[in-house]
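Enquirer: task: produce atomic coordinates for the following.
(chains A and B)
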Amino acid sequence: MFKKRFSDFINEFDSFYLIIIGVPLFLYGLYIKETEIITYSIQNNMPLGFWDLIILIISDKNIISYFVLPIVCILSIRTINECDNNYILIRMKSFKEFVIHIYDKFTKRILSFLTIWVIIAVILSIDHIGNLSWIHINNINTEKLDIINILKHYISSPLISIFLQLIGLFLIFQTINLLFIYIKIFCKKNIYLIIFSLVIFLFNLITSKISFIFGDFGRIISLITPINYLCSYLGILLYESALKYFVIICILFISIRVPFLCNFKIKNLFNIISKYKIQIIYFLSLVLYIVFRIKPYINMDINLMDILVIILFGVTNANGSISTIISYIFIFWGLVYFLQDYLNIELGGLHYSKIIRYRSVHEWFNSYMKKVIVYIIKALILLMLITLAISSLFKFSGFYNSVFQNINLSVLLYQFFVNGFLQMLFYVLFVFIVTWDTQNTFIGFSALLGTSVFMFRGFNTYYVLPLALNSLGIVVENKVSVFYITTIIILYIFVELLYIRKLLKNDVF
Amino acid sequence: MLKIIKSEFNKAFKVKRVILFILIIFAPFIIQFLMIKDGYTFYFPIEVFEESFSGIIPLLFPIFSIIIYSDNYYKERKNNFISTVYTRTFFNKYIVAKGVVNFCITFLVLFVSIIIPFIFLTYIEPLLGLIEYTAVTNKTILPTRNTLAVISEKSHILYAIIYSFWVAINGAFYATFAFLLTIFSTNYFTAMTTPIIFYHLGNFLLPTLSLEIFSPLISVFPFSIQQQPLWILFIPFLILFLINFLIGIYIKNLFKNGDYNV
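Expert: Numbers count the residues shown, from 1 in each chain, chains lettered A, B, ... in the order given. Sure, this is the predicted structure:
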């Protein structure tokens, strides 16, 4: 299998590539190497690094816009036309398969093309292999070395910037190819493909030259210029961040690819939405809640850890009012709700016969608990990541010197993950006990909601009841230690497990 | 039709359910009353009444209204009782009768659960002297008026009746919401919890968007915010009513096509 793939890959390197593509790339690379840069570095006694030269060769603006882009357009049209005959079409079930076939073929070609280019770049810069770090340059004005200046400012390692450039090229070429395929499917004629490729080529040339004329409007034009995405240094300069550039090209690629992933039907998308509607509502409202909770603090001098505490403050004895309880219920018991929904399917209808297949109910319970544990861990990590991601979008950073006293990161993480995990496990087991006892999933969840009565101010003064003990507010309050809370919840979980053991020994259903 | 409704009423008042009704009427109020009995400053009995409806009861209000009788149709379907009904009566009428009975019972229980605390606090409690009222002097700053003060200043007993009616009708619509969902949804748990999600999603999201006055909780228990125009209370109620109305029409069309989904 591997051998066949490899030979396929080798077959793509026919004479067409080696002569038509390889020679101009090599000559232009030689030109770059021999002219400005080497002379500049020799004059100023600054040795040019191995990676520097490779980057200079593969992210040159002129060769990409005048040579590489037209070649890729031609390759794409050639691939589409090779596949567009009745012998191949007749074997495909649908247009989706047809698209995937062309897509795969083009992927091989574009990979071999990039490989040739990288090999040429390596051959040209092999004599500089002794120096593997960024060139040491300060305040240089040479236009060519601007590339390295920009990349050095945003990316720490030269290897990453090479990868970013190659991935950027690959994704944008694939995007262009997919656009060609869609045009072929909808318009059917080759003339449109040629017109489109000419439009891309000319549009790129014109907009890259004149975008600075328009002033403010030029920014919008530079956002839609292909060269700003093909050359990673221009993209990074445009978005002022390497990560942002990478995310945007990924989004661009995925958004072009999505239509044929979804089989060209909006109906399928609706099916997915209706299947996970409650999860989607939960996720969206959580994001909305976090965004609007953060907004008042934007201009204040607080760090990421404070924001984390503010959002996941939860319920303590001091602030047990109805609004905080509702927020806590929504964030944490919302997660329990999905598990209960799953248990509802497991216990009702045809799934009853599934439980019977296990050797004993205990074994079924164990398999259920395994799923629960994995789910809780995933959910907590996801909750943390969502919170961190949204808060870092508002440019909060740093985990030290919190506004709140008595807080350090390790205690906070312990409280959130360890106590949070145990607390969620307690809720799930509690709901399970009531559900199994009453054989009614709704009563099980209502009983959990009913326990929220004990979260009000004055009930849980010494934190003896295992309710809302995973709130980060308890760490801020510093009345009891986090290990005390762990002990309390573990005791309760132990009692619950004993009770479940007894419960499952009784008659089932 | 009346006959079916009568027999449905007979079905509803089983011993277990009556105990549940009594619990819903008394338990939350007693817990809340014991919580606020000491440590608060009160000038009038009506303040105690309003304070006792701003903790547990608002939080669990949709659960109370749904748990009363909304699962009646689901249980009959689960036990295959419904299939015996087809031959004996018109199915559409049977469903309507069930809906009406669910609405009425929820309404009655919630109405009683509001009016009994009021009678207790205004007529019985002063005789027992459980709460110490602070005397009103010229210097005392009275608490801010809430939205319902417009009615309570005119007549106390009228206020109690109107307010009980308001809470009861809201609860009845939440119960009907769940009942209607159980008719066509195959997932019992989702059907029963959707009204709760509707209620608490509003309470969770709208305050963060600083639209707290339109949240379902404030609509039913408008004691924790300052005085607003009276029509604001009707907006969440109107949305709830519209949802019920649309689901009702949807189910009517389903039955027209003969798709009973039982």
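Enquirer: A:Val431 contacts A:Gln340, correct?
Expert: Yes - if you go by CB atoms under 8 Å, A:Val431 and A:Gln340 touch, sitting 5.8 Å apart. For glycine as for every other residue, the C-beta is placed from the backbone atoms N, C-alpha and C.
Enquirer: between the two, which has more neighbouring residues?
Expert: Remark: of A:Val431 and A:Gln340, A:Val431 carries more neighbours, 24 against 21, as counted by other CB atoms under 10 Å in any protein chain shown.
Enquirer: quick check: chain neighbours aside, which residue is closest to that one?
Expert: Of all residues not flanking A:Val431 in the chain, A:Gly444 sits nearest, at 4.7 Å (CB to CB, 6 or more residues apart in numbering or on different chains).
Enquirer: gap between B:Thr190 and A:Tyr427?
Expert: According to CB to CB, to the nearest Å, B:Thr190 and A:Tyr427 sit 19 Å apart.
Enquirer: can you check B:Pro45 too?
Expert: 39 Å.
Enquirer: of the two, who's got more company?
Expert: Neighbours were counted for B:Pro45 and for A:Tyr427 using other CB under 10 Å; A:Tyr427 has more, 21 against 18.
Enquirer: contact partners of whichever helix or strand the more buried one is part of?
Expert: Per DSSP states H and E, A:Tyr427 falls inside helix A:420-438. Residues outside helix A:420-438 that contact it (CB atoms under 8 Å, 6 or more residues apart in numbering or on different chains) are A:332-333, A:335-336, A:339-340, A:343, A:347, A:372-373, A:376-377, A:379-380, A:441, A:443-445, A:447-448, A:451, A:466, A:468-470, A:486, A:489-490, A:492-493, A:496-497, A:499-500, A:503-504.
Enquirer: just stretch A:171-185 next, same as before
Expert: Applying CB under 8 Å, 6+ apart, the external contacts of stretch A:171-185 come out as A:72-73, A:76-77, A:79-80, A:84, A:95, A:98-99, A:102-103, A:106-107, A:110, A:192-193, A:196-197, A:200, A:226, A:229-230, A:249-250, A:252-253, A:256-257, A:259.
Enquirer: which parts of it are buried?
Expert: Neighbour-count burial for stretch A:171-185 flags A:171-178, A:180-181, A:183-185 (criterion: 16 or more other CB atoms under 10 Å in any protein chain shown).
Enquirer: any idea how many residues pack against A:Ile249?
Expert: 22.
Enquirer: got it, and B:Thr89?
Expert: By other CB under 10 Å, neighbour count at B:Thr89 equals 14.
Enquirer: find the nearest non-adjacent residue to residue 70, please.
Expert: If you meant another chain, say so; for now it's chain A. By the measure of CB to CB, 6+ apart, the closest residue to A:Pro70 outside its immediate chain neighbours is A:Phe201, 5.7 Å from it.
Enquirer: actually chain B
Expert: Sequence neighbours aside, B:Ala178 is the residue nearest to B:Ser70 in space, at 4.2 Å (criterion: CB to CB, 6+ apart).
Enquirer: from the contact counts, what lies against the host helix or strand of the one you found?
Expert: Here B:Ala178 sits within helix B:156-184, counting by DSSP H and E. The contact analysis (3 or more CB pairs under 8 Å, 6 or more residues apart in numbering or on different chains; DSSP states H and E) places helix B:156-184 against helix B:45-51, helix B:56-69, helix B:72-78, helix B:91-119, helix B:149-152, helix B:188-208, helix B:216-220, helix B:234-256.
Enquirer: nearest to chain A, of those helices?
Expert: Ranking those by proximity to chain A (CB to the nearest CB) places helix B:188-208 first, at 3.8 Å.
Enquirer: ok and that closest one relative to helix A:420-438, angle-wise?
Expert: Per axes from the mean of the first three to the mean of the last three CA atoms, to 10 degrees, the angle that helix B:188-208 makes with helix A:420-438 is 140 degrees.
Enquirer: pLDDT of helix B:188-208, averaged?
Expert: On average, the pLDDT along helix B:188-208 is 90.
Enquirer: is chain A within reach of it?
Expert: Yes - with CB under 8 Å from any CB of the partner chain as the criterion, chain A is reached by helix B:188-208 at B:188-190, B:192-193, B:196-197, B:200-201, B:203-205, B:207-208.
Enquirer: state the number of residues packed around B:Arg145.
Expert: Count around B:Arg145 with other CB under 10 Å applied: 12.
Enquirer: over to the one 4 residues further on?
Expert: Other residues near B:Ala149 come to 15 when the count uses other CB under 10 Å.
Enquirer: need the contact list for the closest residue in space to it that isn't next to it in sequence.
Expert: Of all residues not flanking B:Ala149 in the chain, B:Gln227 sits nearest, at 6.3 Å (CB to CB, 6+ apart). Applying CB under 8 Å, 6+ apart, we find B:Gln227 in contact with B:Thr144, B:Arg145, B:Asn146, B:Thr147, B:Ala149.
Enquirer: so A:Ile172 is in which element?
Expert: Using DSSP H and E, A:Ile172 sits in helix A:158-187.
Enquirer: CA atoms only for the strand or helix carrying B:Met35, dumped as CSV, please.
Expert: Taking DSSP H and E as the definition, B:Met35 sits inside helix B:15-36. The C-alpha trace of helix B:15-36 is given here as CSV (Å, rounded to 0.1, in the frame of the first residue of the first chain):
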residue,chain,number,x,y,z
VAL,B,15,-53.9,10.0,47.7
LYS,B,16,-50.3,10.3,46.6
ARG,B,17,-51.0,13.3,44.4
VAL,B,18,-53.0,15.0,47.2
ILE,B,19,-50.1,14.7,49.5
LEU,B,20,-47.9,16.2,46.8
PHE,B,21,-50.3,19.1,46.4
ILE,B,22,-50.3,19.7,50.2
LEU,B,23,-46.5,19.7,50.2
ILE,B,24,-46.3,22.2,47.4
ILE,B,25,-48.8,24.5,49.1
PHE,B,26,-47.2,24.5,52.5
ALA,B,27,-43.6,23.3,52.5
PRO,B,28,-41.8,26.0,50.5
PHE,B,29,-43.7,28.8,52.3
ILE,B,30,-42.9,27.3,55.8
ILE,B,31,-39.1,27.0,54.9
GLN,B,32,-39.0,30.5,53.5
PHE,B,33,-40.9,31.9,56.4
LEU,B,34,-38.6,30.4,59.0
MET,B,35,-35.6,31.8,57.0
ILE,B,36,-36.9,35.4,57.1
